[in-house]
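# no sequence for this one, just the structure:
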DNA sequence: CTGAAAGCGCTTACAG
DNA sequence: CTGAAAGCGCTTACAG
């Protein structure tokens, strides 16, 4: 052990008066190694005295297993959304002694490819491919078989995937409105035909049907991104389609609706009730009035993804499952009964 | 090259009919290796035909340099805030061929320690220690010398650090209010005495002094976290201290102020002008009216931190600098002139 | 101009 | 019960 140099297994071996093989056996608690208790004790003492910590790079080379995973994300890690998914992955990884690489590919296929190559060179044990929102993804090539898809699904179910139960969440949202007595309920959906948009529309219709309310396509509008289109859609739905309540594709859309309604002298929930989706921090809870919404189970999804990946890494590569995580309604202040005069 | 096995330098050597040493020399473009052009060509051809990609773990072991860095963050990576800092680090890292490990320690010293140990075992080349907000931090032990602190500073300047110029930003915010004619300007500061709170108060006073407005400590209040305390503080400042404009510690506080003001029938900016701090996405821009605020230069700070770290890793370990990144005013709709009647 | 050898720090049969 | 040896896949003096 030269001064300033990191302490290696050799240093421990020397201090304990044994071979480095024995040190390895002891420190790794190898089951049938038959090292005498006394020797083992000496090794452990030496290791602790020298504050020995194995070089994981050397171990990784030798074992062909690095105990690292890579999270590839299309923006999500660096976006306010769903940072809880990342948090969950890290928590699970830490509990299981894995270190996690993270990269943001901005959804660019070229960047994705080169990231996959780099992480393969780095010998990661597996990948989680995290999406910004529930959609169908084309996975980059070369991922191998230890992959799980987070908040997205592949065309064919080659890998495990976890997604929110958008349909059930939407149904819960609309049911909440129905339970307050609303019958004319508008839906401001997303402009793009994502899986999420499609499922939330289905959930909306499920709830109406269940309550014997006829679906009216004039009560559904798609809004481009941004506050203005949502504001416009909300106002039109109320004024033209006579809607007394609004289910919004997400919380940002709901905020747009708030803006439009207020501008027209309409109060939430007195004149129009509103429900959002996402339960986005500092958006739903900071709205005025606080927004009733459906929580996306980001943490639970991240956790599921990480645990499933670890299982695959450890050899359990059975049928890839798709997990639909339930989405709970969060009641706040934006839902009330319709006005008595029905306008 | 056995089927199914990854291709190694040996495979390339064999196919090119040279030794693996030569392959290494060629593929690494070693300057004075004096490999003949013809041989080099054969090696390159073989490598490309086999789609050879060097095993970074083996290389890391041998070179004692892994081209990986670790980002330790007290929550930030998994919080809506400042995800741009992380994005910037990843961008810079990718451009420089570094892979980045990320871990969220939740600020827990025990977790921090063990993360540092783990990353040292993993032989990372350096650390960035990222803070949720500008404060004084105690770094965990064992970080080595390749460290930079992001959005925080250490008691003694042992390491480079990058922080926002909170004082200048606050001054710009208050100057904006003064420029609109306000003279009674309140400040809703943070409840905890962080570096940021202290500097923003200084900037507030700087601006007042520069415009010949006397500092009045009754115009300053500290608000506990949450909407309510901020709402309360804003209303009191207006009603008791006669303030016509409000500078808020951050955008969330400003939203609290909006709530309180509206509840009292006060309109922004007609009755009271408001300026925030952070330019938090979906908070400042989605406020009604959109909030004039000061942008925290998250991306620029992350970039600076990553570049500085890389410089240190590459040997440039001179005096640790502290960079104060300028904070720009973002004008939106929450500032107007004071009411003619001065209330 | 190029190859044989040593070695980075581990782990794992194998031999005794 | 324990050690010597080989080897994971690279890189780097060194020799010729």
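Thanks, I have the structure now. These numbers were taken from a predicted model, which means no experiment stands behind them.

# correct me, but residue A:106 touches residue A:74?
Yes - at 6.7 Å, residue A:106 and residue A:74 qualify as touching, with contact defined as CB atoms under 8 Å. For the C-beta atoms, the positions are set from N, CA and C on the backbone; glycine is no exception.

# if you count what's nearby, which of those two comes out ahead?
Using other CB atoms under 10 Å in any protein chain shown as the criterion, residue A:106 and residue A:74 rank with residue A:74 on top: 22 against 14.

# burial of the residue of the stretch 151-300 of chain A found nearest DNA strand D, as a residue count?
Here the stretch 151-300 of chain A gets closest to DNA strand D at one residue, residue A:159, 25.2 Å apart by CB to the nearest atom of the strand. Residues within reach of residue A:159, counting by other CB under 10 Å, total 23.

# Might one say that it is in contact with residue A:152?
No - Residue A:159 is beyond contact range of residue A:152, at 10.4 Å (criterion: CB under 8 Å).

# Which strand in chain A has the most residues?
If you go by DSSP state E, chain A has its longest strand at strand A:126-137.

# What helices and strands are in contact with it?
strand A:68-73, helix A:83-95, strand A:147-154, helix A:195-210, helix A:298-313 (3 or more CB pairs under 8 Å, 6 or more residues apart in numbering or on different chains; DSSP states H and E).

# Next, the angle from the first one to strand A:126-137.
Translated: strand A:68-73. Calculated by axes from the mean of the first three to the mean of the last three CA atoms, to 10 degrees, strand A:68-73 forms an angle of 20 degrees with strand A:126-137.

# cool, and the third one?
Here strand A:147-154 points in a direction 0 degrees away from that of strand A:126-137 (the same axes, to 10 degrees).

# so what strands line up beside the next helix or strand after strand A:147-154?
Scanning forward in sequence from strand A:147-154 by DSSP states H and E, the next helix or strand is strand A:161-164. The pairing partners recorded for strand A:161-164 under DSSP bridges are strand A:147-154 (parallel), strand A:322-325 (parallel).

# Select, out of those, the one closest to residue B:329.
The minimum distance between residue B:329 and those falls on strand A:147-154, with 35.9 Å, by CB to CB.

# model confidence over that closest one, on average?
Mean pLDDT, strand A:147-154: 94.

# do the same with stretch A:75-88
On average, the pLDDT along stretch A:75-88 is 78.

# which stretches of chain A have low pLDDT?
Counting by pLDDT under 70, chain A has low-confidence residues at A:1-3, A:76-80, A:317, A:341-343.

# Report the spatially closest residue to the most far-flung residue of it relative to its centre, excluding sequence-adjacent ones.
Here chain A reaches farthest from its C-alpha mean at residue A:17, the gap being 50.6 Å by CA atoms, centre = their mean. Of all residues not flanking residue A:17 in the chain, residue A:42 sits nearest, at 7.0 Å (CB to CB, 6 or more residues apart in numbering or on different chains).

# which of the helices and strands packed on strand A:126-137 sits most buried?
Most buried of the helices and strands packed on strand A:126-137 by mean neighbour count (mean count of other CB atoms under 10 Å in any protein chain shown) is strand A:68-73; its value is a mean of 26.

# In the sheet, which strands lie alongside it, parallel or antiparallel?
Paired neighbours of strand A:68-73 in the sheet (DSSP bridges): strand A:99-104 (parallel), strand A:126-137 (parallel).

# Specify the local secondary structure of residue A:10.
Assigned with DSSP: H, G, I helix; E, B strand; the rest coil, residue A:10 falls in the helix class.

# give the contact list for whichever residue of the stretch 151-300 of chain A sits closest to DNA strand C.
Closest contact between the stretch 151-300 of chain A and DNA strand C, by CB to the nearest atom of the strand, is at residue A:160 (26.9 Å). By CB atoms under 8 Å, 6 or more residues apart in numbering or on different chains, residue A:160 lies in contact with A:148, A:149, A:305, A:308, A:309, A:312, A:320, A:321, A:322, A:323.

# The third one contacts residue A:150, doesn't it?
Yes - in terms of CB under 8 Å, residue A:305 counts as a neighbour of residue A:150; the distance is 4.3 Å.

# okay, and the common contacts of these two?
Residues touching both residue A:305 and residue A:150 (CB under 8 Å, 6+ apart): A:85, A:89, A:128, A:130, A:162.

# Buried ones in the longest strand of chain A, by neighbour count?
Going by neighbour count (16 or more other CB atoms under 10 Å in any protein chain shown), the buried part of strand A:126-137 is A:126, A:127, A:128, A:129, A:130, A:131, A:132, A:133, A:134, A:135, A:137.

# Check for me that residue A:294 belongs to a strand.
Yes - counting by three-state DSSP, residue A:294 falls inside a strand.

# Near DNA strand C, which residues of the stretch 151-300 of chain A are found?
By the rule CB under 7 Å from any atom of the strand, no part of the stretch 151-300 of chain A lies against DNA strand C.

# quick one: the strands in the stretch 151-300 of chain A?
If DSSP state E, counting those that start in this stretch is used as the criterion, the strands of the stretch 151-300 of chain A fall at A:161-164, A:185-190, A:220-223, A:245-248, A:273-275, A:293-294.

# need those in CSV with mean neighbour count and distance to residue B:6, can you?
Output for the strands of the stretch 151-300 of chain A, formatted as CSV (neighbours: other CB atoms under 10 Å in any protein chain shown; distance: least, CB to CB, whole Å):
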stretch, mean neighbour count, distance to residue B:6
strand A:161-164, 26, 27
strand A:185-190, 27, 43
strand A:220-223, 20, 48
strand A:245-248, 30, 49
strand A:273-275, 27, 52
strand A:293-294, 30, 45
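
# May I see the ones you listed arranged in CSV, with distance to residue B:143 as well?
Listed next are the strands of the stretch 151-300 of chain A as CSV, based on distance: least, CB to CB, whole Å:
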stretch, distance to residue B:143
strand A:161-164, 35
strand A:185-190, 45
strand A:220-223, 48
strand A:245-248, 46
strand A:273-275, 47
strand A:293-294, 41
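
# wait, which of the ones you listed is closest to residue A:60?
Judging the strands of the stretch 151-300 of chain A by CB to CB, what sits closest to residue A:60 is strand A:161-164, at 27.8 Å.

# For residue A:275, find the nearest of the helices and strands packed on strand A:126-137.
The nearest among those, by CB to CB, is helix A:195-210 at 10.5 Å.

# what is the orientation angle of that closest one with strand A:185-190?
Relative orientation of helix A:195-210 versus strand A:185-190 (the same axes, to 10 degrees): 170 degrees.
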